[in-house]
Every structure is written in structure tokens, then in C-alpha cells.
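Engineer: following is a predicted model, sequence given first.
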Amino acid sequence: MQAESQMVDLHTSRPSVYLDRWVWIQLACAMKGRPREPGDAEVLDAVQQASAAGVAFPITSTYYVESLTTRDPRQRIDLARTIASISNCCALRSRRELLRHQMLHAMWMHFGRPTFRPSPPEALGVGVFWAFLGKQVPLTVSGPEGSLDPDTIPGLPQRLRQMAQWAEVQFLSSARDEGLTDLRQRGYRPEVTIEAGQQRLAFEQHYIGMLADDPIGRNELRVRLQARELIHEHLDLFNDVLAEYRISIDRAFGIDTNRPGSGRRKMVAFADAIPTMRLAVDLKYHLFRDSTKNWKTNHLYDIDALSLAIPYCHAVLGDGEMTALLNRSDAGQRNGTVILASMSDLVEILPDLAAK
């Protein structure tokens, strides 16, 4: 059986479209009656109609991280209200949960373990806990003797639903200045998340210098980027799934210490069988190929979000730079996902998705 025939369709059962942050910003401006571009009001109307017809517009955990870097609280609130009204706080499942299935599927393809073909997990859910933890966490009410059963108190189930909706909008809009003191006393540390992004950026910027000092060919660059991606971003998860199925790396990849490079071909094929990882590697490959590129944290945010969204969403609208790189990588055709280039492309595709 060829590897291509073993690949699994990861797209959500419900038609879904991923919109980059800049798209949400333009929709928020149009919703406030101040469109940035001619035609934005028509785009907003088309998106609202598609949402009402059942099309999902999920965000990823990356959105919550990016919101921490937006200093204007008014913009954060406007964005949160726009996203909540259109997406109903729909989110893609946590990266770790989705990558775990992708790795298990790649193991099944290449190692025959697990012995069964892993079933894809549900990708679409609601809220911040789904985006970060991969599970729904309902609000609860506690009394002197522990948690209360909402059904035993008239009106409480409805009230809890309203409170949950309010809470999700607060997560989307991030903390407000007037509430920071209380939140910090409870452990809120947004600077830790921002610093983690800066450390990841420094890791990539350091490699720019290494490539300048020791230039390598295209094929070698891509192989090394695969190794860096696996080790730096997913090593804990990789080790966990290998240990779970008692798979030896040396035996699985045919590594012979007396023959340098003996497991290289199998390792490359395995990495390419993990869709999200392959997308991240392809995007970083094109960025590193441009020695004049000034890497920014937003590049990493875009790579995180797009590499997760493309295998699962039916259509994706990113920014111009990333869209061009995705097209150079043939990412859309390989994943069966429509890579949109503009807002007009979005409007054109929505009626077909809504009809499904």
C-alpha cells in the first residue's frame, strides 16, 4: 500500500473556514460601521450568513496568545465581540491532542503500530479550554458541601450557560487594565507567554546566523529543519507516543551507528506523514531560504495557526506573505484545503460551503 493511499482526511465534518487575525480585525471594523476597505461590509454580511447556515469559523490557541500583544483594550473587546458573534467561540482542538493523532497515524503507516488505524479525534469544539487542553470544561457552582447539581435549582442551568458565554468573551478579549491587580494575585502572568514567544523567535534567529556561517543545500536544509521542528517543538509528545507503544527509534528507523545516515530516508518520510509538522517545516524552509528575511514573532504565530488549521479546515485565508509561501509548497492541494488569497475569494467560496 502506498503512503498516499494511507493518508487520512482530517477535515472537520462541518464545513469550516479559518480566518487570520487581520481578517477578524477588518470584520470588526465593518461591524462598527467603519470598514477599512470598500466591500468589507459585504464580506461581513456574507460571513454572517454562512455562520447562520452552519459554517464554522474556528480560531486556534494562537489567537489567545496573540491577543496578549494587543495593547489597545478597545480593539481587543471589539475583536472578541465580533469573533463571538460569528464563530460562537468555536475553536480547533489543542495542538497536542491533534498532533498526537497525526503522529499515531504516521506510526501506523510506517511502523505498523498501533496495529489499528487511529481514528481522528473531534477537531471542533468551543472555548479556551478546548483550544488549549482539548476538552470542554463546564462552569460549576459549589456550596458548603461541594458541587451543586444545576438541575436541582430553578433557572441555574440557563444562568450557567450565560455565564459561560460571558467568560469565553472575556478570554477572547484578554484581561483589562482595571482587573490586572486581582488577576495577578490569582496567578495571571501574561509576560511568561510573551517571553516564551521571544525565546522561540531567538531560536530561529540564531539559526539564521548558523546558516550564514555554514551554508547548506536545499535538501539538507529541509532535513535539518525537520529535525529541529521535531526536537524543539514536539519532542515530549514524540517520546510519549513511542514509549506508549514500546517502539525503539533505532529499530523503527533502521539506524545503524556504523552507517551514518542509515535511518535518514525513513525519518524524512515519517516526518512528512505528520501534516501539521510538514506545513511548519515547509513554511520555515521558505523563510530560511531568504537570507534577508527579518523574522518576527508574528511569523511564528502565523506558522502555528496555519499549520494547525490547514489540515482540518476546508478553506483558509491567511496574510499575503504566508499565502504565497503555502502556494509554493503546494500545501492546499496536498491537504485538500482551499488556500484563499483575498476577501473576495472568501465571499466566492462561502455559498458552496454553506450549501453543505
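Structural biologist: Here it is on my side, so go on.
Engineer: pull out the buried positions in stretch 126-141.
Structural biologist: Neighbour-count burial for stretch 126-141, counted by 16 or more other CB atoms under 10 Å, picks out 126, 127, 128, 129, 130, 131, 132, 134. Every C-beta, even on glycine, is put in place using the N, C-alpha and C of the backbone.
Engineer: of these, which belong to strands?
Structural biologist: residue 126 (DSSP state E).
Engineer: could the buried residues of stretch 126-141 go into a markdown table alongside pLDDT and distance to residue 339?
Structural biologist: Shown next, in a markdown table, are these (pLDDT from 0 to 100; distance: CB to CB, whole Å):
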| residue | pLDDT | distance to residue 339 |
| --- | --- | --- |
| 126 | 94 | 26 |
| 127 | 92 | 27 |
| 128 | 93 | 27 |
| 129 | 94 | 29 |
| 130 | 96 | 25 |
| 131 | 96 | 22 |
| 132 | 95 | 26 |
| 134 | 94 | 26 |
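Engineer: same list (the buried residues of stretch 126-141) but as JSON lines, adding distance to residue 152.
Structural biologist: Listed next are the buried residues of stretch 126-141 as JSON lines, based on distance: CB to CB, whole Å:
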{"residue": "126", "distance to residue 152": "25"}
{"residue": "127", "distance to residue 152": "25"}
{"residue": "128", "distance to residue 152": "28"}
{"residue": "129", "distance to residue 152": "25"}
{"residue": "130", "distance to residue 152": "27"}
{"residue": "131", "distance to residue 152": "31"}
{"residue": "132", "distance to residue 152": "31"}
{"residue": "134", "distance to residue 152": "30"}
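Engineer: between the buried residues of stretch 126-141, which is nearest residue 110?
Structural biologist: Of all the buried residues of stretch 126-141, residue 110 sits closest to residue 134, with 24.6 Å by CB to CB.
Engineer: rewinding a little: just the buried residues of stretch 126-141: which are in helices?
Structural biologist: Mapping these onto helices (DSSP state H) picks out 127, 128, 129, 130, 131, 132.
Engineer: so the first one sits against residue 94, correct?
Structural biologist: No: in this structure, residue 127 is not within contact of residue 94 by CB atoms under 8 Å, at 11.4 Å.
Engineer: and which of the ones in helices among the buried residues of stretch 126-141 is nearest to residue 9?
Structural biologist: Distance to residue 9, by CB to CB, is smallest for residue 130 among those, at 21.3 Å.
Engineer: quick one: the closest one from residue 93, how far?
Structural biologist: 6 Å (CB to CB, to the nearest Å).
Engineer: what's the longest helix along the chain packed up against?
Structural biologist: Secondary structure of the chain per DSSP H: the longest helix is helix 218-244. When contacts are defined as 3 or more CB pairs under 8 Å, 6 or more residues apart in numbering; DSSP states H and E, helix 218-244 packs onto helix 95-111, helix 190-213, helix 264-272, helix 275-289.
Engineer: how far away from the center of its chain is that helix?
Structural biologist: Helix 218-244 sits 18 Å away from the centroid of its parent chain (CA atoms, centre = their mean, to the nearest Å).
Engineer: can you give me the angle it makes with helix 190-213?
Structural biologist: In terms of direction (axes from the mean of the first three to the mean of the last three CA atoms, to 10 degrees), helix 218-244 departs from helix 190-213 by 140 degrees.
Engineer: what's the angle from helix 218-244 to helix 275-289?
Structural biologist: Going by the same axes, to 10 degrees, helix 218-244 makes 150 degrees with helix 275-289.
Engineer: just the angle for helix 218-244 relative to helix 264-272, thanks.
Structural biologist: Going by the same axes, to 10 degrees, helix 218-244 makes 70 degrees with helix 264-272.
Engineer: could I get the buried residue list for helix 218-244?
Structural biologist: For helix 218-244, using 16+ other CB under 10 Å, the buried residues are 221-226, 229-230, 233-234, 237-238, 241-242.
Engineer: what's the following helix or strand after it?
Structural biologist: helix 249-253 (DSSP states H and E).
Engineer: buried residues, that next one. List them.
Structural biologist: 252, 253.
Engineer: low-confidence ranges in the protein?
Structural biologist: In the predicted model, the chain carries pLDDT under 70 at residues 1-6, 175, 178.
Engineer: residue contacts, residue 268?
Structural biologist: 223, 226 (CB atoms under 8 Å, 6 or more residues apart in numbering).
Engineer: go on, residue 174?
Structural biologist: Here residue 174 is in contact with 64, 67, 68, 70, 76, 190 (criterion: CB under 8 Å, 6+ apart).
Engineer: touching, the last one and residue 67? I think so.
Structural biologist: No: the criterion here is CB under 8 Å, and residue 190 misses it with residue 67 at 9.5 Å.
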